[in-house]
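sequence isn't available, so here's the structure alone:
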C-alpha cells in the first residue's frame, strides 16, 4: 500500500478534536463513577455529541477536496451527498 | 458530600458502553493517521454517534428511577422532559 | 368511546404550531415549483424540522401530565422515557 | 427573472413527498383534536420528521447536479458541504 499523503491542516484539527472528545468521554465515565448530578452528566453527553457532529463536518470538508486513501481521485458533488448519508447512518 | 449510592446495573452498562465509545474514538484517530478510506471513517463516526445516543437513552432510563446524586428525591415525569431537553442541547 | 378531555393550553399551542408547519411545508412546495435558490429551500426545510422538534417537546410536556386518551391514568417517568424512544423512531 | 429550468424527476419526487408530509401534519392535528393516544401521536410525528429528512436528502441530491435558480452554474463538492450545514441549521 503506497504511503498516504501527509496529514492536512484539517486532518490535524480533526485529530485534535477527537482527542478532546476522547477526554470528554473519560470525563463522563468519572462523573458516573462519582455519582455526579444527572443533569450535569446529560449536559456533558450533549456536548460530546455536538463535538462529534462538528468533527463529522470537518471530515466532510476534508473529503470534499479529496480522500487521502485515493490520491489523485476527484471527489464529485454526488460523492459528498453519498458521504452525508453514511454519516447519518 | 455523602457517599453516592452504589453503581446500579444500568450505570455499569453505561460505563461499559462509554469505555467502548472511548476505544472507538481512538480507533477513529488511528484511521485518520493511517489515511484510511474516508467512507470507512464516516461509517465509524456514525457508529460512535449512535452508541452515544444509546448511552444517552440508558442514562435517561437510570435517571427516571432516581439520580444517585440526590438519593431519596423522586424524579417526576416533568423532570424527565427537562432532562430530554438538556440531552438535545 | 367516551368524549376526550377538552384541549389543554399546551394542546392549543401544539395545534397552532402544527398549522404553521403545514403552511411552511406548502411554502417549501411553492419554492421548488418556482425554482427558488436551493440554499433558501434548505434553510426553509431546516426551519420546518426545528419547528417539528419543538412540537415534539411540547407533546412530551403535555404527555408528562397525562394523556387525554387515558384520563385518570398516571404517566410515570419511565413512560416518558419510552415516549422519547418513540419520538426518536 | 428568467424562467427557471423545468422541474426535474427528482423535483417531482420531492414535491410528491412534501404533499404527503403536508397531509401527515394535518393528520397530526386531527389526532390531537380527537384526543388520540399520545404514543400514536408521537409515532406519527417521528414519521413526519423521517419523511422530512428524506426530502432533505433528495433536495441535496438534486442540488449536487445544479440549482435550477442558477442554470449553467457548476456546484462544487464544497458547495454541497455548505448546503449540508444549512440543512442542519
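That came through fine. This structure is a prediction, so every number in the text was calculated from the model and none was measured.

from chain B, how far out is the residue nearest to the spatial centre of chain A?
Ranked by distance to the mean C-alpha position of chain A (CA atoms, centre = their mean), the top residue is residue A:55 at 3.1 Å. Counting by CB to the nearest CB, to the nearest Å, the gap from residue A:55 to chain B is 7 Å. All C-beta atoms are positioned from the backbone trio N, CA, C, and that covers glycine.

least trustworthy helix or strand in chain A by mean pLDDT?
The helix or strand of chain A with the poorest confidence is helix A:77-88; it has a mean of 91 (mean pLDDT, DSSP states H and E).

still on that earlier bit, for the residue nearest to the centre of chain A, what are its contacts?
Contacts for residue A:55 (CB atoms under 8 Å, 6 or more residues apart in numbering or on different chains) come out as A:14, A:17-18, A:21, B:45.

from residue A:20, how far out is it?
9 Å (CB to CB, to the nearest Å).

check residue A:41 too.
18 Å.

try residue A:34
On the measure of CB to CB, residue A:34 and residue A:20 end up 21 Å apart.

in terms of neighbours, single out the busier of these two.
residue A:20 (14 against 11; other CB atoms under 10 Å in any protein chain shown).

skipping adjacent residues, who's closest to that one in space?
Closest residue to residue A:20 apart from its sequence neighbours, by CB to CB, 6 or more residues apart in numbering or on different chains: residue A:51 at 6.7 Å.

avg pLDDT for the lengthiest helix in chain A?
Scanning chain A for the helix with the most residues, using DSSP state H, yields helix A:38-64. Throughout helix A:38-64, pLDDT has a mean value of 94.

quick one: it to helix D:77-88, angle?
160 degrees (axes from the mean of the first three to the mean of the last three CA atoms, to 10 degrees).

where does the residue sitting furthest away from the middle of chain A land in three-state SS?
Going by CA atoms, centre = their mean, the residue of chain A most distant from its centre is residue A:35, 28.4 Å out. Assigned state for residue A:35: coil (three-state reduction, DSSP: H, G, I helix; E, B strand; the rest coil).

make sure it is actually in contact with residue A:41.
No. Checked against CB atoms under 8 Å, the pair residue A:35 and residue A:41 is beyond contact range at 9.7 Å.

what's the offset of stretch A:6-21 from the middle of its chain?
8 Å (CA atoms, centre = their mean, to the nearest Å).

which residues are contacting that stretch?
So stretch A:6-21 is contacted by A:48, A:51-52, A:54-55, A:58-59, A:61-62, A:68, B:25, B:28-29, B:32-33 (CB under 8 Å, 6+ apart).

nearest to residue C:79 among those?
Among the contacts of stretch A:6-21, residue A:48 lies closest to residue C:79 (CB to CB), at 27.3 Å.

so what's that closest one closest to, chain neighbours aside?
residue A:24 (4.8 Å).

and the host helix or strand of that neighbour, what's buried?
In this assignment (DSSP states H and E), residue A:24 forms part of helix A:9-33. Applying a neighbour-count criterion of 16 or more other CB atoms under 10 Å in any protein chain shown, one finds A:11, A:13-15, A:17-18, A:21-22, A:24-25, A:27-29, A:31-32 buried in helix A:9-33.

check stretch A:72-89 too.
A:75-77, A:79-81, A:83-84, A:86-87.

greatest separation within those: which pair is it?
Once CB to CB is applied, the buried residues of stretch A:72-89 give A:76 and A:87 as the farthest pair, at 16.9 Å.

residue contacts, the closest residue to residue A:31 other than its chain neighbours?
With sequence-adjacent residues excluded and distances taken as CB to CB, 6+ apart, residue A:31 is closest to residue A:41, at 5.0 Å. Residue A:41 makes contact with A:28, A:31-32, B:59 under the criterion CB under 8 Å, 6+ apart.

for residue A:83, same thing?
A:60, A:63, B:38-39, B:42.

buried subset of those residues, written for ChimeraX?
To isolate the buried members of the contacts of residue A:83 in ChimeraX, using 16+ other CB under 10 Å:
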select /A:60,63 /B:38,39,42
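
and the contacts of residue A:83 near chain D, which?
A:60, A:63 (CB under 8 Å from any CB of the partner chain).

ok, the contacts of residue A:83 vs chain D, which is closest?
residue A:60 (5.1 Å; CB to the nearest CB).

could you find the closest non-adjacent residue to the closest one?
Per CB to CB, 6+ apart, closest to residue A:60 is residue D:81, 5.1 Å.

please tell me I have it right and the one you found contacts residue A:62.
No. With contact defined as CB under 8 Å, residue D:81 does not reach residue A:62; the gap is 9.6 Å.

now for the two: what residues contact both?
By CB under 8 Å, 6+ apart, no residue touches both residue D:81 and residue A:62.

output the buried residues of stretch A:72-89 as a markdown table; include the columns distance to residue D:7.
Shown next, in a markdown table, are these (distance: CB to CB, whole Å):
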| residue | distance to residue D:7 |
| --- | --- |
| A:75 | 28 |
| A:76 | 23 |
| A:77 | 20 |
| A:79 | 25 |
| A:80 | 23 |
| A:81 | 19 |
| A:83 | 27 |
| A:84 | 23 |
| A:86 | 28 |
| A:87 | 28 |
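
what about residue A:50, how many neighbours?
11.

just the local confidence number for the nearest residue to it once chain neighbours are set aside, please.
Using CB to CB, 6+ apart and skipping residues adjacent in sequence, the residue nearest residue A:50 is residue B:89, 5.8 Å away. We have a pLDDT of 73 for residue B:89.
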